[in-house]
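# below is the sequence, then the predicted model.
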Amino acid sequence: MEIGSFIELQFSKGKELFQGEKNIARLNSGRAAIWHAFRVFGCTAIWLPYYQCHTVCEFLFRKKVTVKFYHIDPFFDPIDLTPDSGEAVLLVNYFGVMSHQRMKELALRYENVIIDNSQALFHPPVKGCMNVYSARKFVGVPDGAYVIGKDAHKYTDEYKESYSSDTSLFLLQRIEYGCEGKTYQTRMVNEQRIDTEDIMKMSKLTRTILDGTDYDMICEKRRKNFEYVSELLEGKNQFNPWRYYSIDCVPMVYPLVIEDDGLLQKLLDEKHFQGHWWSYLLEEMEENCFEYWMSRYMIPITIDQRYGEKELEYVASII
């Protein structure tokens, strides 16, 4: 037991969003969490949507998993998803705007369902499914993910514990230097660590931060900001983010689609640091498919808890 010496950063305790030790796995990244969920199911293959971050399938390929892919239509319904018995299905809660009822109804169509809530940290777990969550898209942590579901704690004793403090300096630098320059370079070191790291248990640093976070404030701010941006951009968005939205949703971003190839650069010039998601699909998908359209034009507008009406009005004025 260490006593004395200098005082470290201190956080509140007992607020962790997902608590307990049974039917829960605390891991280092969302992509690793998806593989862990697949491992717990003991399936022979997994179906992923094409509209998904490439890091997920890359991690699964590293683990020698058989991966199959399916398309989605403009209503985010799978259109060529035909799993055989013993194959897992990954369903994504896009942007955090898919209600619990929506995801539950989707899950009922298939067996061995893994729900990817990487964009929906506060989405209630769907019973009978493995539910995956990524913390760093909602909270200032260097990494961290959860798997919630029956027997999710299996195999976790086999994983080593991650150490994230060595590459977490960017979180402190962001406060003093902003997100450009040296902070961006330091953050990319952390990204590289995550990209090359095997599945591991959540680091003590990440769990300590998550155990002291004010989640009620995060929910309230994000919902309020999402609704306000919707009002500011009423009539401009070519995508309807409200189709499956309900009171239980806590969005990650406001998904804005305007068919203007120059809009993203205009926002970047004004220091709104977001980008098109999964642009690699522009080289892999046909131009007439929904995934291509979203990858080309969807801009995730920032609505997180750091900001309020003033910042949102500024972004909307650029748009």
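Thanks, I have the structure now. Note that the coordinates shown come from a computational prediction; the quantities given were computed from them, not determined experimentally. Numbering: from 1, shown residues only.
# CA only for contacts and neighbour counts going forward, please
Fine.
# how many neighbours does A32 have?
Using other CA atoms under 10 Å, the number of residues around A32 comes to 27.
# could I get the pLDDT score of it?
Confidence at A32, expressed as pLDDT, is 98.
# tell me which element it falls in.
Applying DSSP states H and E as the criterion places A32 in helix 30-41.
# can you give me the helices for the chain?
Using DSSP state H, the helices found in the chain span residues 30-41, 54-62, 100-107, 169-177, 182-196, 204-210, 215-232, 263-269, 290-297, 309-318.
# okay, buried residues for the second one please.
Under the neighbour-count criterion of 16 or more other CA atoms under 10 Å, helix 54-62 has 56-57, 59-60 buried.
# quick one: contacts of that helix?
Helix 54-62 is touched from outside by 31-32, 34-35, 48, 66-67, 195, 278, with contacts defined as CA atoms under 8 Å, 6 or more residues apart in numbering.
# distance to Y177 for these - can I get that in CSV?
Listed next are the contacts of helix 54-62 as CSV, based on distance: CA to CA, whole Å:
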residue, distance to Y177
R31, 30
A32, 31
I34, 34
W35, 36
L48, 38
T66, 43
V67, 41
D195, 25
W278, 28
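# distance to F138 added to the helices of the chain, as TSV?
TSV is the format used below for the helices of the chain (distance: least, CA to CA, whole Å):
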stretch	distance to F138
helix 30-41	13
helix 54-62	19
helix 100-107	18
helix 169-177	13
helix 182-196	16
helix 204-210	10
helix 215-232	8
helix 263-269	21
helix 290-297	22
helix 309-318	18
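# picking up where we left off before, next, give me the two most distant ones among the contacts of helix 54-62.
The span of the contacts of helix 54-62, defined through CA to CA, is set by T66 and W278 at 21.3 Å.
# so those two - more neighbours on which side?
Neighbour comparison, T66 and W278: the larger count goes to W278, with 18 against 14 (by other CA under 10 Å).
# wait, that one sits on Y50?
No: with contact defined as CA atoms under 8 Å, W278 and Y50 do not form a contacting pair (9.7 Å).
# ok, W278 to H54 distance?
According to CA to CA, to the nearest Å, W278 stands 7 Å off from H54.
# pLDDT score for the residue at the greatest distance from the centre of the chain?
Here the chain reaches farthest from its C-alpha mean at G4, the gap being 38.5 Å by CA atoms, centre = their mean. G4 is assigned 85 on the pLDDT scale.
# likewise the one 5 residues further on?
The predicted local distance difference test score for L9 is 84.
# which phi and psi does it have?
phi -60, psi 140 (degrees, to the nearest 10).
# and it, how many residues sit next to it?
By other CA under 10 Å, 5 other residues sit near L9.
# for the one 10 residues further on, same thing?
As a burial measure, the neighbour count of Q19 was computed by other CA under 10 Å and equals 12.
# of the buried residues of helix 54-62, closest to I79?
Among the buried residues of helix 54-62, and counting by CA to CA, the member closest to I79 is C57, at 19.7 Å.
# just checking, M130 touches I114?
Yes: contact status for M130 versus I114: in contact at 4.7 Å, counting by CA under 8 Å.
# now for these two: what residues contact both?
Counting by CA under 8 Å, 6+ apart, the residues touching both M130 and I114 are A37.
# now the residue nearest to E259 when sequence neighbours are not counted: how far from Y228?
Nearest residue to E259, sequence neighbours excluded (CA to CA, 6 or more residues apart in numbering): Y297, at 5.8 Å. Relative to Y228, Y297 is positioned 21 Å away (CA to CA).
# more neighbours, the two?
Taking other CA under 10 Å, Y297 and Y228 do not tie; Y297 has more neighbours (23 against 17).
# read off the pLDDT value for the residue most central in space within the chain.
Centroid-nearest residue in the chain, with CA atoms, centre = their mean: S118, separated by 2.7 Å. S118 is assigned a predicted lDDT (pLDDT) of 97.
# surely it touches R136?
No: here S118 lies out of contact with R136, judged by CA under 8 Å, at a distance of 9.0 Å.
# just to revisit the earlier point, now do the contacts for the residue nearest to E259.
Neighbouring residues of Y297 by CA under 8 Å, 6+ apart: 257-261, 276.
# next, count neighbours for the nearest residue to R187 once chain neighbours are set aside.
Leaving aside its sequence neighbours, R187 sits nearest to F170 (CA to CA, 6+ apart; 5.3 Å). Residues within reach of F170, counting by other CA under 10 Å, total 21.
# these two touch, right, F170 and G181?
No: the pair F170 / G181 is not scored as a contact, 10.7 Å apart, by CA under 8 Å.
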